[in-house]
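*Asks:* Turn this into a structure:
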Amino acid sequence: QVQLVESGGGLVQAGGSLRLSCVGSIRSISSRAMGWFRQAPGKDREFVAAINWSGGSKDYADSVKGRFTISRSNALNRVYLQMNSLKPEDTAVYYCAASRDGSWGGRGDYWGQGTQVTVSS
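*Replies:* Numbers count the residues shown, from 1 in each chain. Below you'll find the predicted structure:
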């Protein structure tokens, strides 16, 4: 079983930055591809970014390209999402997800509880 815990959410003004962190407990996430998703009120959960097990391959939603950066530290069992130039439409609960595989296949198999990000205009 993989347990994921997100942190780093909060309230920020438009144009500001936040860094989300996701740590894996019980079992290591170092061999797994990882992803970030978000869900805004009244909307479906959507893909934000993903990274393969080594960090050598990354993928982003078009809406966040150039503003968000996903990275990982396998030594620390953590995955990060650096969010810059935040917009009010980035407001959502952000979820960390782990894959069973080392390459990202488009879906998460294990999920964290989420962390709220609110961007004020």
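
*Asks:* mind checking the SS state of the closest residue to Gly15 other than its chain neighbours?
*Replies:* Excluding its sequence neighbours, the residue lying closest to Gly15 (Cβ to Cβ, 6 or more residues apart in numbering) is Ser85, at 6.2 Å. For glycine as for every other residue, the C-beta is placed from the backbone atoms N, C-alpha and C. For Ser85, the assignment made with DSSP: H, G, I helix; E, B strand; the rest coil gives coil.

*Asks:* swap in the one 10 residues further on?
*Replies:* Following three-state DSSP, the label given to Tyr95 is strand.

*Asks:* Burial check on Ser25, number of neighbours?
*Replies:* 12 (other Cβ atoms under 10 Å).

*Asks:* helix or strand for Arg19, which one?
*Replies:* Applying DSSP states H and E as the criterion places Arg19 in strand 18-25.

*Asks:* buried set for the very next helix or strand once past that strand?
*Replies:* Heading C-terminal from strand 18-25, the first helix or strand you meet, by DSSP H and E, is strand 34-39. By neighbour count on 16 or more other Cβ atoms under 10 Å, the buried set for strand 34-39 is Met34, Gly35, Trp36, Phe37, Arg38.

*Asks:* And the residues you listed, which is closest to Ala97?
*Replies:* Top of the list for closeness to Ala97, among the buried residues of strand 34-39 and by Cβ to Cβ, is Gly35 at 4.5 Å.

*Asks:* Quick check: the closest one touching Tyr94?
*Replies:* No - contact criterion Cβ atoms under 8 Å: Gly35 and Tyr94 do not qualify, at 10.9 Å.

*Asks:* Overlap in contacts, the two.
*Replies:* Residues within reach of Gly35 and of Tyr94 at once, by Cβ atoms under 8 Å, 6 or more residues apart in numbering, are Val48.

*Asks:* any low-confidence regions in the protein?
*Replies:* Filtered on pLDDT under 70, the chain yields the residue ranges 26.

*Asks:* tell me the centre residue of it?
*Replies:* Trp36 (2.7 Å; Cα atoms, centre = their mean).
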